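K.L.:
I would like the atomic coordinates for the input below:
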Amino acid sequence: MRKFNVLLILCILITGCSSSKQVEVKSKSILYDFREPFSFPFEVNEVRSEIAIDNPEYIQQFVFHYKNKQTLQEIKYILSKVIDKPEELPKQSKQPLELKSGKQAYYQEDMTSQSIWWEGQNGFLARFVYYIDGNREQLGSNKLAQSDFIGLVNQVQQ
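P.N.:
Numbering: from 1, shown residues only. Predicted coordinates:
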């Protein structure tokens, strides 16, 4: 009887330890199709992109860099989306502009940068930011016209 109890306990332990538990892996796709600009207000000779994946369950951000290596002029095309919560378009201290699509965009400038913001496709907040030398130089005579920004936005609108 004692051998039977030991054998029974041993069988229970073996079956309990050998049962495989299914682990559910949750996967969210971050596959999007974005249009990129093809014409710029200055010569672009370096292009790169990055995807911010620090917390893809909360925020997704895609950044495209268009740069002239000689003049250090750069335009960043940034698309960001807060998951399950629409991001508010920051309108304060920005000048409203109308796009070809009829949507509103908001323009802002300071001594070292210029930007235009608008609501993009698929719940993304989109913006172009222009600066020189990593935003360390004043724009001066290299300042872009507002029409240059509107032209960039019109190129990427779907």
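K.L.:
what's the spacing between the residue most central in space within the chain and Glu137?
P.N.:
Most central residue of the chain, judged by C-alpha distance to the mean C-alpha position with CA atoms, centre = their mean, is Gln61 at 2.1 Å. Noted for Gln61: a distance of 25 Å to Glu137, by CB to CB, to the nearest Å. Quick note: C-beta positions are derived from backbone N, CA and C, even for glycine.
K.L.:
again, but for Gly123
P.N.:
The value you get for Gly123 to Glu137, if CB to CB is used, is 34 Å.
K.L.:
and the pLDDT for the residue nearest to the centre of the chain?
P.N.:
At Gln61, the predicted lDDT confidence score is 90.
K.L.:
ok, now how distant is it from Gly102?
P.N.:
From Gln61 over to Gly102 the distance is 26 Å, taken as CB to CB.
K.L.:
so which residues of this structure form helices?
P.N.:
Counting by DSSP state H, the segments of the chain that form helices are 2-18, 146-156.
K.L.:
which stretch in the ones you listed has the least confidence?
P.N.:
Set side by side, the helices of the chain differ in mean pLDDT, and helix 2-18 is lowest with a mean of 58.
K.L.:
how far out from the middle of the chain is stretch 150-158?
P.N.:
The chain centroid and the centroid of stretch 150-158 are separated by 17 Å under CA atoms, centre = their mean, to the nearest Å.
K.L.:
which parts of it are buried?
P.N.:
If you call a residue buried by 16 or more other CB atoms under 10 Å, then stretch 150-158 has these buried ones: 150-153, 156.
K.L.:
can you tell me what sits against it?
P.N.:
Residues from elsewhere that reach stretch 150-158 (CB atoms under 8 Å, 6 or more residues apart in numbering): 34-41, 75, 77, 97, 99-101, 103, 105, 116, 118, 120-121, 126, 128.
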